[in-house]
Structure formats: C-alpha cells, structure tokens
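J.: here is my input, please return the structure:
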Amino acid sequence: MAVSKEESLEYHRKIRPGKIEVNATKSLSTSYDLSMAYTPGVAYPCLEIEENPQLAYEYTAKGNLVAVITDGTAVLGLGNIGALAGKPVMEGKGVLFKKLADIDVFDLELNTQTPDQFIQAVKAMEPTFGGINLEDISAPDCFYIEEELKKHLKIPVFHDDQHGTAIITTAALMNAVEVTGKKIDEIRVVYNGAGAAGIACCKLHFLIGVKKENVILCDSKGVIYKGRTEGMNPYKEELAADTPCRTLEEALVGADVFVGISVKDALKPEMLLKMADKPVIFALANPDPEIDYDHAKKSGPDAIIATGRSDFPNQVNNVLGFPFIFRGALDCQATEINDAMKLAAAYALAGLAKQDVPDLVLNAYGLKSLQFGPDYIIPKPFDPRAIFWVTPAIVEAAMSTGVARKPIIDMDGYRNKLKRLMTI
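T.: Just a heads-up that it's a prediction; the model follows:
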C-alpha cells in the first residue's frame, strides 16, 4: 500500500506527536491515593523487593515491560541514520507490542555506536525490564551485542531483526517444502544477504533439517566460500561453503530455495530459470523485493514466492512473531528465548497456516477464500489467532527446557486468559 510523505508526517504529528504514551494503572484522585502511589506507602513494596528481588514482578510493571532498544545503525532500509532518527520506528514497534499482545514498551535510542558502550548501558537497565528487544543494529555488531547481553542478563534478550525474521521464514520454509513435495534434508538453499537476518535464518533452518553442505551464503561481494578474505568476519566464516561457485548466479544453478534479505533486483529472472523445478523464492528486501513478484511468476509459474509486502501472497512479516513470543516469555518469566522456543513459534505458525481461515481474516484482506498451498504457506500478519497458537507454544518450550521461572500449570486456563486479554 502506497503512503505519501505528507500523509505519514501528518499521521505522526497530529493530536499528540508520536505514537505511544504512558498511562497510570492506579487511581490518583485523593490524598490517600497519593500516599499509596508515592510516599509513605511506596516504601513497603520497596523493602519487600530489597529482601526478595523476584517480588518486583508482583509489585511493579517489570513483568509486562519490554525495552525496544536501538543505536540507529541499521534502521529499516534507511541505513545508519542515528539513534534519534530511528525513534519513530521504535515507537511503532511499541504500538505493535501493545495492540497485539498488551505488552508495555519503553523505546530507548542510545546515542552511541560503540558496541561495548551499548552493552554496558543495557546491562545497567536490566532491573527495569522484563525483556529486551534489540532493534535495527548493524551486523556484525548486533551478533556480539546480543551474545554478550545474553551471557550477563537474566531476562530475555531478543534481536528481532535476526530471530523474528528467522522464525517466520522457518515456518514458511517448512510449509513450502511440504507443498513442493521435496525433503528438507535434501533441498539446496542459497541465501543472499549475510547480515543479521540472513545469518540467523540460515542457522535456524539448520535446526529443522537443512544440511550445511547444501547451503551457500552470498553477500554483496559474491559467494562466501572457504578461504575468502575480503569482507569477512567470524560469523560469515562459520558458514563459508566449500564450493567452486563465486557468484550468486552460479550458486543458484539447480538450487531449490532462494532466501533473499538483500537489495532490490538482486535476483534476475534468468537466474530463477536456472533453479530446480518448483523453486521456493523468499524475496524479502523491503520495500522492493529482490525480484518483482509478477516477473518471478512469469519466469517460474510453478514457483512458491514470498515477499515482505502485503500486496502479494505469502507476506513474511515479523509481526507474526515478536509480540506473541515476548507475551509467552514474560508470562512464564523466562530467563531467555532459546532455540527451542524459536522453533516452537515456527512450528506453531506453520500449523496455523493449515487451519481453515475465518471470515474475520478473509474480510480484512478482501478475500473470498484462502487455503494452504502455494499462495498461502504462512498466516496473514494480522490473523488474530496467532497469539493463541504461538504464545502457549513459547510457554511450553520454556518450561520443557527449564528456563521458565514461573511455570504455568493450567495451560487451558492460560489459553482462556489470553482470549480474555485480547478481547479487552
């Protein structure tokens, strides 16, 4: 959907500038209310938390509060625009957290582009939050930052640009492979884009059965092969392929899957023609994909195509993941979001795509019908059922892997609680 500059600026300016605000959850209309909200009454929960820090989840907003944090070095398709200029994106993320999963957010734009300073700042803020959502941080710094924070923090740390994209593509890939009738451990996959999302997608796809020897990763300089020295870092080196291929075009010959998280027009129609039968094309560059959807369909009528856009079938959108992943992680007070939880989310979304689609979803997208198949391998981004599929799966995976500090015993009751929550 096209949006004009004037429309966007007016939207962000009107009524009250920005997109988020803070609301009080307790009344403040009498002197008694004041004495409870602040001094002297507030001293009692302070002392209780001093004695038992876990009680912060009972007496404060910590358990439902997520920090959306950026340094502004890789904002959407805009690049390194700085922390302040990235604030509208972080506020937008806050809107999605709140509207889709009733999670409160403080957006934090850190005016530093030094990874260690960023890490120290986030570590110092741990007492405030129940979870940390890292956003729009350039590679390879994003890998180092997340790794270090996960080592030291006892709350979930999740870089959505990496893992959100990886989870949604994993769900889509499982279903695409099923539709084509191929086997996950036999498909050849080419990834174009070796930044945060590309590398995370590749690693999570390994966990569902994609074989490393069947994978080639490319960046702007071509194939990432063993022995390459130009433009390399340890994260690329880990995935370097033992191959004679040196270009994307060479790598795609006979490939079953193309996963693009790169730039417009990176995949030429003639490259698609050299792929295997029933190719799977994930052209996820935004706002313009690696290959135009109509051109791709013309070149490969039997192709399964997903993009990041809402005006084509199979939109890969992180909004299907992060609100519901954090909802589950917060509710069971998970100490981390681990691989088992990411896979649980992916399997839940893959399963949801095989269910009958309700009229509510069809009407929202102006459709008469929608069935599992080449044009529907992933749920629509605003399918209201997603929270009821993904969130319980996250909780169950957290409990089964021992990272849930507050196990939920009555899962049926929990599902009903989610339904009540999302009808407010």
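J.: if you count contacts, what does the longest helix seen in the chain end up packed against?
T.: Longest helix of the chain, by residue count under DSSP state H: helix 160-180. Under the contact definition 3 or more Cβ pairs under 8 Å, 6 or more residues apart in numbering; DSSP states H and E, helix 160-180 sits against strand 131-134, helix 141-152, helix 196-206, strand 257-260, strand 280-283, strand 304-307, helix 322-331, helix 339-352. Bear in mind the C-beta positions are built from the backbone N, C-alpha and C, glycine included.
J.: whatever helix or strand comes next after it pairs with which strands?
T.: Remark: after helix 160-180, the chain's next helix or strand is strand 189-192, criterion DSSP states H and E. Strand partners for strand 189-192, identified by DSSP bridges, are recorded as strand 215-219 (parallel), strand 257-260 (parallel).
J.: centre of the chain to strand 189-192, how far?
T.: Centre-to-centre, strand 189-192 and its host chain are 19 Å apart (Cα atoms, centre = their mean, to the nearest Å).
J.: stretch 376-387 too?
T.: With Cα atoms, centre = their mean, you get 14 Å for stretch 376-387.
J.: domains in this protein, by residue range?
T.: 5-155, 163-307, 318-421 (automatic domain parsing).
J.: adding mean neighbour count and mean pLDDT, write those domains out as TSV.
T.: Below are the domains of the chain laid out as TSV (neighbours: other Cβ atoms under 10 Å; pLDDT from 0 to 100):
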stretch	mean neighbour count	mean pLDDT
domain 5-155	16	96
domain 163-307	20	97
domain 318-421	19	96
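J.: tilt between the longest helix of the chain and helix 141-152?
T.: Relative orientation of helix 160-180 versus helix 141-152 (axes from the mean of the first three to the mean of the last three Cα atoms, to 10 degrees): 100 degrees.
J.: kindly calculate the angle that helix 160-180 makes with helix 339-352.
T.: Using the same axes, to 10 degrees: helix 160-180 against helix 339-352 is 50 degrees.
J.: so helix 160-180 versus helix 196-206, what angle?
T.: 50 degrees.
J.: how distant is helix 160-180 from the center of its chain?
T.: Helix 160-180 sits 11 Å away from the centroid of its parent chain (Cα atoms, centre = their mean).
J.: please apply the same query to stretch 401-408.
T.: Using Cα atoms, centre = their mean, the offset of stretch 401-408 from its chain centre is 22 Å.
J.: check stretch 54-74 too.
T.: Per Cα atoms, centre = their mean, the centroid offset for stretch 54-74 relative to its chain is 17 Å.
J.: do the same with stretch 402-418
T.: For stretch 402-418, the distance to the chain centre is 22 Å (Cα atoms, centre = their mean).
J.: got the CA positions of that stretch in PDB?
T.: Extracted in PDB, the C-alpha atoms of stretch 402-418 (Å, rounded to 0.1, in the frame of the first residue of the first chain):
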ATOM      1  CA  GLY A 402      14.000 -25.300  32.200                       C
ATOM      2  CA  VAL A 403      14.100 -21.500  31.600                       C
ATOM      3  CA  ALA A 404      10.700 -20.700  33.000                       C
ATOM      4  CA  ARG A 405      10.900 -19.200  36.500                       C
ATOM      5  CA  LYS A 406       7.100 -19.200  36.800                       C
ATOM      6  CA  PRO A 407       5.800 -22.400  35.200                       C
ATOM      7  CA  ILE A 408       2.200 -22.300  34.100                       C
ATOM      8  CA  ILE A 409       0.500 -25.500  35.300                       C
ATOM      9  CA  ASP A 410      -3.000 -24.900  33.900                       C
ATOM     10  CA  MET A 411      -2.400 -24.300  30.200                       C
ATOM     11  CA  ASP A 412      -6.100 -24.500  29.300                       C
ATOM     12  CA  GLY A 413      -6.700 -21.800  31.800                       C
ATOM     13  CA  TYR A 414      -3.800 -19.800  30.400                       C
ATOM     14  CA  ARG A 415      -5.300 -20.000  26.900                       C
ATOM     15  CA  ASN A 416      -8.600 -18.700  28.200                       C
ATOM     16  CA  LYS A 417      -6.700 -15.900  29.900                       C
ATOM     17  CA  LEU A 418      -5.200 -14.900  26.600                       C
END
